[in-house]
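okay, sequence plus prediction incoming.
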Amino acid sequence: MSVSVPTMYEVRVDGHLDDRWFGGLDGLVIARDTGHTSTLVCPVADQAQLHGLLGRLRDVGVTLLSLRVMPPVDGATAVGSQPALGRPLRTDRLILRPAGIDDADVTWRYRRLESVTEWTTSAPADLDAYRGIFGNPARLAATVVVELHQGAPVGQVIGDLMVRREDAWSQREVAGRARGAQAELGWALDPAHSGHGYATEAMRELIRHCFEDLGIRRVVASCFLDNEASWRLMERLGMRREVHAVRESLHRRGQWLDSVGYALLAEEWPTAP
(Lines give C-alpha, C1' and ligand atoms only; values in the text may rest on other atoms or scores of the structure.)
Protein backbone atom coordinates (compact mmCIF):
# COMPACT_ATOMS: atom_id res chain seq x y z
CA MET A 1 0.00 0.00 0.00
CA SER A 2 1.45 3.39 -0.95
CA VAL A 3 1.33 6.30 1.48
CA SER A 4 0.93 9.82 0.11
CA VAL A 5 3.57 12.27 1.31
CA PRO A 6 2.28 15.71 2.31
CA THR A 7 3.37 18.70 0.24
CA MET A 8 5.07 21.49 2.18
CA TYR A 9 3.59 24.93 1.50
CA GLU A 10 5.09 28.29 2.47
CA VAL A 11 2.48 31.00 3.02
CA ARG A 12 3.42 34.64 3.69
CA VAL A 13 0.83 37.00 5.14
CA ASP A 14 0.71 40.58 6.30
CA GLY A 15 0.93 41.03 10.08
CA HIS A 16 2.05 38.84 13.00
CA LEU A 17 -0.25 35.87 13.54
CA ASP A 18 -1.37 34.43 16.85
CA ASP A 19 -0.69 30.66 17.13
CA ARG A 20 -4.05 29.97 18.79
CA TRP A 21 -5.92 30.39 15.49
CA PHE A 22 -3.96 27.53 13.93
CA GLY A 23 -3.49 25.07 16.77
CA GLY A 24 -5.37 22.26 15.01
CA LEU A 25 -2.94 21.98 12.09
CA ASP A 26 -0.34 19.23 12.54
CA GLY A 27 3.23 20.20 11.66
CA LEU A 28 2.52 23.92 11.21
CA VAL A 29 5.40 26.30 11.94
CA ILE A 30 4.78 30.05 12.16
CA ALA A 31 7.70 32.50 11.89
CA ARG A 32 7.07 36.17 12.67
CA ASP A 33 9.33 38.13 10.35
CA THR A 34 11.00 41.43 11.19
CA GLY A 35 9.07 43.27 8.45
CA HIS A 36 5.72 42.79 10.24
CA THR A 37 4.84 39.78 8.14
CA SER A 38 4.42 36.12 9.11
CA THR A 39 5.57 33.02 7.25
CA LEU A 40 3.66 29.76 7.70
CA VAL A 41 5.20 26.43 6.71
CA CYS A 42 2.66 23.62 6.72
CA PRO A 43 2.37 20.05 5.38
CA VAL A 44 -0.74 19.76 3.23
CA ALA A 45 -2.14 16.36 2.29
CA ASP A 46 -4.57 17.49 -0.44
CA GLN A 47 -6.32 20.47 -1.98
CA ALA A 48 -9.15 20.30 0.54
CA GLN A 49 -6.70 20.80 3.40
CA LEU A 50 -5.02 23.66 1.54
CA HIS A 51 -8.38 25.35 1.04
CA GLY A 52 -9.07 24.85 4.75
CA LEU A 53 -5.81 26.60 5.67
CA LEU A 54 -6.56 29.50 3.33
CA GLY A 55 -10.07 29.64 4.76
CA ARG A 56 -8.68 30.07 8.27
CA LEU A 57 -6.51 32.93 7.05
CA ARG A 58 -9.55 34.55 5.46
CA ASP A 59 -11.57 34.11 8.65
CA VAL A 60 -8.83 35.75 10.73
CA GLY A 61 -8.86 38.66 8.29
CA VAL A 62 -5.20 38.66 7.24
CA THR A 63 -3.89 39.59 3.80
CA LEU A 64 -2.23 36.81 1.79
CA LEU A 65 1.09 37.98 0.29
CA SER A 66 2.42 34.81 -1.33
CA LEU A 67 1.84 31.06 -1.57
CA ARG A 68 4.39 28.56 -2.87
CA VAL A 69 5.23 24.88 -2.77
CA MET A 70 8.52 24.27 -0.98
CA PRO A 71 11.13 22.09 -2.73
CA PRO A 72 11.45 18.50 -1.46
CA VAL A 73 14.12 17.49 1.07
CA ASP A 74 16.23 14.62 -0.36
CA GLY A 75 13.55 13.82 -2.91
CA ALA A 76 10.61 13.78 -0.49
CA THR A 77 8.80 16.25 1.68
CA ALA A 78 7.73 15.02 5.10
CA VAL A 79 6.30 16.38 8.31
CA GLY A 80 9.12 17.59 10.54
CA SER A 81 11.57 18.04 7.66
CA GLN A 82 11.16 21.80 7.34
CA PRO A 83 14.32 23.69 8.43
CA ALA A 84 14.59 24.90 12.02
CA LEU A 85 15.32 28.38 10.62
CA GLY A 86 13.50 29.97 7.73
CA ARG A 87 16.27 32.53 7.32
CA PRO A 88 19.76 33.22 8.72
CA LEU A 89 20.05 35.08 12.03
CA ARG A 90 22.86 37.53 12.80
CA THR A 91 24.40 38.57 16.11
CA ASP A 92 27.31 40.92 16.79
CA ARG A 93 29.87 38.26 15.85
CA LEU A 94 27.98 35.28 14.47
CA ILE A 95 25.66 34.09 11.73
CA LEU A 96 23.21 31.29 12.51
CA ARG A 97 21.93 29.60 9.36
CA PRO A 98 20.01 26.44 8.42
CA ALA A 99 22.30 23.43 7.98
CA GLY A 100 22.86 21.84 4.58
CA ILE A 101 24.03 18.35 3.72
CA ASP A 102 27.50 19.73 2.84
CA ASP A 103 27.94 20.87 6.45
CA ALA A 104 28.56 17.28 7.53
CA ASP A 105 32.22 17.50 6.52
CA VAL A 106 32.94 20.83 8.23
CA THR A 107 31.16 19.93 11.48
CA TRP A 108 32.92 16.55 11.56
CA ARG A 109 36.16 18.47 12.14
CA TYR A 110 35.17 19.07 15.77
CA ARG A 111 32.38 16.51 16.19
CA ARG A 112 34.97 13.71 15.96
CA LEU A 113 37.00 15.07 18.91
CA GLU A 114 36.85 13.04 22.12
CA SER A 115 36.23 16.16 24.21
CA VAL A 116 33.04 16.72 22.17
CA THR A 117 31.82 13.12 21.78
CA GLU A 118 32.22 12.61 25.54
CA TRP A 119 28.76 14.19 25.94
CA THR A 120 27.03 13.81 22.56
CA THR A 121 24.27 11.29 21.88
CA SER A 122 26.36 9.34 19.38
CA ALA A 123 30.05 8.97 18.51
CA PRO A 124 30.27 7.80 14.87
CA ALA A 125 33.37 5.78 14.02
CA ASP A 126 34.21 7.66 10.83
CA LEU A 127 33.10 10.42 8.47
CA ASP A 128 30.87 8.13 6.39
CA ALA A 129 28.94 7.02 9.47
CA TYR A 130 28.62 10.63 10.60
CA ARG A 131 27.34 11.72 7.19
CA GLY A 132 24.61 9.10 7.44
CA ILE A 133 23.47 10.48 10.81
CA PHE A 134 23.86 14.15 9.89
CA GLY A 135 21.97 13.75 6.61
CA ASN A 136 18.84 12.25 8.18
CA PRO A 137 16.10 14.70 7.07
CA ALA A 138 14.70 15.19 10.58
CA ARG A 139 18.18 15.69 12.05
CA LEU A 140 19.20 18.05 9.26
CA ALA A 141 16.03 20.11 9.60
CA ALA A 142 16.65 20.61 13.33
CA THR A 143 20.30 21.68 12.88
CA VAL A 144 21.55 25.26 12.83
CA VAL A 145 25.14 26.02 11.81
CA VAL A 146 27.13 28.77 13.54
CA GLU A 147 29.61 30.83 11.50
CA LEU A 148 31.93 33.69 12.39
CA HIS A 149 31.26 36.97 10.66
CA GLN A 150 33.66 38.94 12.86
CA GLY A 151 37.11 37.77 13.83
CA ALA A 152 39.32 35.37 11.91
CA PRO A 153 38.69 33.47 9.82
CA VAL A 154 35.40 35.04 8.71
CA GLY A 155 32.91 32.42 7.50
CA GLN A 156 34.40 29.54 9.46
CA VAL A 157 31.92 27.12 11.00
CA ILE A 158 32.61 27.02 14.74
CA GLY A 159 29.64 25.03 16.02
CA ASP A 160 26.14 23.72 15.46
CA LEU A 161 22.91 24.01 17.40
CA MET A 162 19.73 22.00 17.60
CA VAL A 163 16.21 23.41 17.83
CA ARG A 164 13.51 20.76 17.65
CA ARG A 165 9.96 22.05 17.90
CA GLU A 166 7.64 19.64 19.67
CA ASP A 167 4.23 19.30 21.22
CA ALA A 168 3.84 20.07 24.91
CA TRP A 169 2.07 17.42 26.99
CA SER A 170 -1.62 18.10 27.26
CA GLN A 171 -4.94 16.48 27.92
CA ARG A 172 -6.75 15.35 24.79
CA GLU A 173 -9.39 18.08 24.82
CA VAL A 174 -6.80 20.88 24.52
CA ALA A 175 -4.18 19.04 22.44
CA GLY A 176 -4.48 21.54 19.60
CA ARG A 177 -3.22 24.37 21.78
CA ALA A 178 -0.18 22.32 22.82
CA ARG A 179 1.04 21.51 19.29
CA GLY A 180 4.43 23.03 18.57
CA ALA A 181 4.37 24.97 21.84
CA GLN A 182 7.76 23.79 23.07
CA ALA A 183 11.26 23.45 21.64
CA GLU A 184 14.18 21.28 22.71
CA LEU A 185 17.60 22.90 22.36
CA GLY A 186 21.11 21.50 22.01
CA TRP A 187 24.59 22.64 20.99
CA ALA A 188 28.13 21.62 20.14
CA LEU A 189 31.03 24.08 19.84
CA ASP A 190 34.46 23.59 18.34
CA PRO A 191 36.79 23.53 21.39
CA ALA A 192 39.27 25.65 19.43
CA HIS A 193 36.80 28.55 19.79
CA SER A 194 35.73 28.07 23.39
CA GLY A 195 36.27 30.74 26.01
CA HIS A 196 35.06 33.64 23.84
CA GLY A 197 31.36 33.60 24.71
CA TYR A 198 30.30 32.30 21.29
CA ALA A 199 28.05 29.55 22.65
CA THR A 200 26.22 32.00 24.92
CA GLU A 201 25.83 34.52 22.11
CA ALA A 202 24.53 31.91 19.66
CA MET A 203 22.11 30.29 22.09
CA ARG A 204 20.76 33.61 23.31
CA GLU A 205 19.84 34.52 19.73
CA LEU A 206 18.31 31.09 19.12
CA ILE A 207 16.16 31.39 22.23
CA ARG A 208 15.11 34.91 21.18
CA HIS A 209 14.11 33.49 17.80
CA CYS A 210 12.05 30.74 19.46
CA PHE A 211 10.13 33.17 21.66
CA GLU A 212 9.84 36.30 19.54
CA ASP A 213 9.74 34.95 15.96
CA LEU A 214 8.19 31.50 16.33
CA GLY A 215 5.88 32.21 19.25
CA ILE A 216 7.09 29.19 21.24
CA ARG A 217 6.09 29.36 24.91
CA ARG A 218 8.79 27.17 26.51
CA VAL A 219 12.28 25.92 25.66
CA VAL A 220 14.00 22.98 27.35
CA ALA A 221 17.46 21.39 27.37
CA SER A 222 19.17 18.59 29.27
CA CYS A 223 22.62 17.13 29.81
CA PHE A 224 24.67 14.83 32.02
CA LEU A 225 25.33 16.43 35.40
CA ASP A 226 29.05 15.79 34.82
CA ASN A 227 28.87 18.00 31.72
CA GLU A 228 29.34 21.13 33.79
CA ALA A 229 30.07 23.40 30.82
CA SER A 230 26.62 22.69 29.37
CA TRP A 231 24.54 23.25 32.47
CA ARG A 232 26.50 26.38 33.34
CA LEU A 233 25.67 27.69 29.86
CA MET A 234 21.99 27.02 30.53
CA GLU A 235 22.20 28.99 33.75
CA ARG A 236 23.97 31.89 32.01
CA LEU A 237 21.02 31.98 29.62
CA GLY A 238 18.63 32.30 32.56
CA MET A 239 17.26 28.77 32.31
CA ARG A 240 15.88 27.15 35.45
CA ARG A 241 16.93 23.70 36.66
CA GLU A 242 13.72 21.70 36.93
CA VAL A 243 14.98 18.10 36.99
CA HIS A 244 17.84 16.27 38.67
CA ALA A 245 17.53 12.57 37.87
CA VAL A 246 19.86 10.32 39.89
CA ARG A 247 21.84 7.70 37.93
CA GLU A 248 19.22 7.85 35.21
CA SER A 249 21.34 8.01 32.04
CA LEU A 250 23.74 5.36 30.75
CA HIS A 251 27.02 6.71 29.40
CA ARG A 252 28.73 4.77 26.62
CA ARG A 253 31.63 3.97 28.97
CA GLY A 254 29.17 1.85 30.98
CA GLN A 255 28.38 4.12 33.93
CA TRP A 256 24.94 5.26 35.04
CA LEU A 257 25.16 9.04 35.49
CA ASP A 258 22.94 11.76 36.89
CA SER A 259 21.22 14.05 34.39
CA VAL A 260 19.72 17.52 34.74
CA GLY A 261 16.96 19.27 32.82
CA TYR A 262 16.47 23.03 32.38
CA ALA A 263 13.65 25.16 31.01
CA LEU A 264 12.71 28.76 30.30
CA LEU A 265 9.29 30.28 29.61
CA ALA A 266 8.63 33.04 27.11
CA GLU A 267 7.41 35.40 29.83
CA GLU A 268 10.68 34.91 31.71
CA TRP A 269 12.86 35.74 28.70
CA PRO A 270 12.89 39.56 28.91
CA THR A 271 14.27 39.34 32.46
CA ALA A 272 16.80 36.57 31.76
CA PRO A 273 20.44 37.65 32.26
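That came through fine.

what comes up buried for stretch 261-273?
261-264, 266, 269, 272 (16 or more other Cβ atoms under 10 Å). The way it works is simple: take the backbone N, C-alpha and C, and place the C-beta from them, glycine included.

looking at those residues, which are in strands?
261-264 (DSSP state E).

pLDDT and distance to V13 added to the residues you listed, as TSV?
Converted to TSV, these look like this (pLDDT from 0 to 100; distance: Cβ to Cβ, whole Å):
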residue	pLDDT	distance to V13
G261	96	36
Y262	97	34
A263	97	31
L264	98	28
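
just give me the neighbour total for L94.
L94 has 21 neighbours, counted by other Cβ atoms under 10 Å.

could you chop the chain up by domain?
Domain assignment for the chain by automatic domain parsing gives 7-69, 89-220+229-234.

would you list the ones you listed in JSON lines and tack on distance to E248 and mean pLDDT?
Formatted as JSON lines, the domains of the chain follow (distance: least, Cβ to Cβ, whole Å; pLDDT from 0 to 100):
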{"stretch": "domain 7-69", "distance to E248": "31", "mean pLDDT": "73"}
{"stretch": "domain 89-220+229-234", "distance to E248": "15", "mean pLDDT": "93"}
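
turn those into TSV, columns for distance to E242.
Below are the domains of the chain laid out as TSV (distance: least, Cβ to Cβ, whole Å):
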stretch	distance to E242
domain 7-69	23
domain 89-220+229-234	8
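
for G254, which of those is the nearest?
G254 lies closest to domain 89-220+229-234 among the domains of the chain, at 13.8 Å (Cβ to Cβ).

and that closest one, how far apart are its ends?
Terminal residues of domain 89-220+229-234 lie 20 Å apart, using Cα to Cα, to the nearest Å.
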